[in-house]
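Undergrad: Any chance you can model this:
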Amino acid sequence: MYLEIYQQGVIVSNQARRIAEACNGDAPEDIVAGRDLWAGKGMTGKSTAETYSQEWSRLGFATRLRPAAVAPGSRVQSLRQVREYLKPYLAADGRTTTAGLQILRGHAPNLERTIQRLTFSETRPDDLADGCEDHAVDALRYGLMGRPTPRQLFQAVNPPSDFEARKLLAEVQHRRRTAGKRYIGSELRDARHLD
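TA: Got it, this is the predicted structure:
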């Protein structure tokens, strides 16, 4: 995490312009946003997502806006994803620890501030308490749910082996040719040759 725009009272077209300006020279392939950007029509008769897309097109900002893969009411699952990305694991040097998500100090001050102050619900322990300042964390979880899970966080379930299907098939075919009618798959007419 290296960039944050966190402001109140900014009209939609100016929001789109500020995002495009902030990403100048480092435009992402796509931007993931809350599904509420597609809901409803404002005074202009367009949703926030439509206004963003039109403004970006006008500015030549070739980034796709797409809705977060977080359905309403599924905040718990996306918070699990945030915790997974923040989970420490052994780094490549074998001595230090790191995490799947790096937040560059000072580059996302509101995320740094609010993620430490989040409180969890007393009735839903895996969910946030109502009334938390969660805008920066919402943006983070939307983004993480739109990204693949880092491979380093998981060990391989089936480690690589020397198994090669072509070699095995060649060996079976060789045995069939040289051993006569002893293996399944050859035309067994003489039961005396079975082991």
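
Undergrad: sec struct for the residue lying closest to residue 38 once chain neighbours are set aside, please.
TA: Excluding the flanking residues, the one nearest residue 38 by Cβ to Cβ, 6 or more residues apart in numbering is residue 49, at 4.7 Å. From N, CA and C alone the C-beta is placed, and that goes for glycine too. Three-state call for residue 49 (DSSP: H, G, I helix; E, B strand; the rest coil): helix.

Undergrad: these two touch, right, residue 49 and residue 40?
TA: No: look at residue 49 against residue 40 with Cβ atoms under 8 Å: they stay out of range, at 10.4 Å.

Undergrad: Tell me the spacing between the residue minimising distance to the centre of the chain and residue 168.
TA: Closest to where the C-alpha atoms of the chain average out (Cα atoms, centre = their mean) is residue 147, at 2.1 Å. According to Cβ to Cβ, to the nearest Å, residue 147 stands 37 Å off from residue 168.

Undergrad: now do residue 3
TA: 51 Å.

Undergrad: same question, residue 9
TA: Here residue 9 is placed at a distance of 67 Å from residue 168 (Cβ to Cβ).

Undergrad: which of those two has more neighbours?
TA: Ranked by neighbour count (other Cβ atoms under 10 Å), residue 9 and residue 168 place residue 168 first, with 10 against 5.

Undergrad: any idea of the mean pLDDT for the helix or strand where the more buried one lies?
TA: Assigned by DSSP states H and E, residue 168 belongs to helix 165-179. Average pLDDT, helix 165-179: 75.

Undergrad: Kindly report the same for stretch 43-52.
TA: Here stretch 43-52 scores 89 as its mean pLDDT.

Undergrad: got it, and stretch 124-140?
TA: 85.

Undergrad: do the same with stretch 66-80
TA: For stretch 66-80, the per-residue pLDDT averages 77.

Undergrad: what's the answer for stretch 9-28, then?
TA: For stretch 9-28, mean pLDDT rounds to 90.

Undergrad: Do me a favour and get the end-to-end distance for it?
TA: Taking Cα to Cα, to the nearest Å as the measure, stretch 9-28 stretches 25 Å from start to finish.

Undergrad: Go through it and flag the buried ones.
TA: Buried residues in stretch 9-28, counting neighbours by 16 or more other Cβ atoms under 10 Å, are found at 12, 13, 15, 16, 17, 19, 20, 23.

Undergrad: and the helix or strand where the fifth one lies, how far from the chain's centre?
TA: For residue 17, the host element (DSSP H and E) is helix 12-22. Chain-centre distance of helix 12-22: 24 Å, with Cα atoms, centre = their mean, to the nearest Å.

Undergrad: helices or strands next to that helix in the packing?
TA: helix 48-59 (3 or more Cβ pairs under 8 Å, 6 or more residues apart in numbering; DSSP states H and E).

Undergrad: got the angle between the helix it packs on and helix 12-22?
TA: Here helix 48-59 runs at an angle of 50 degrees relative to helix 12-22 (axes from the mean of the first three to the mean of the last three Cα atoms, to 10 degrees).
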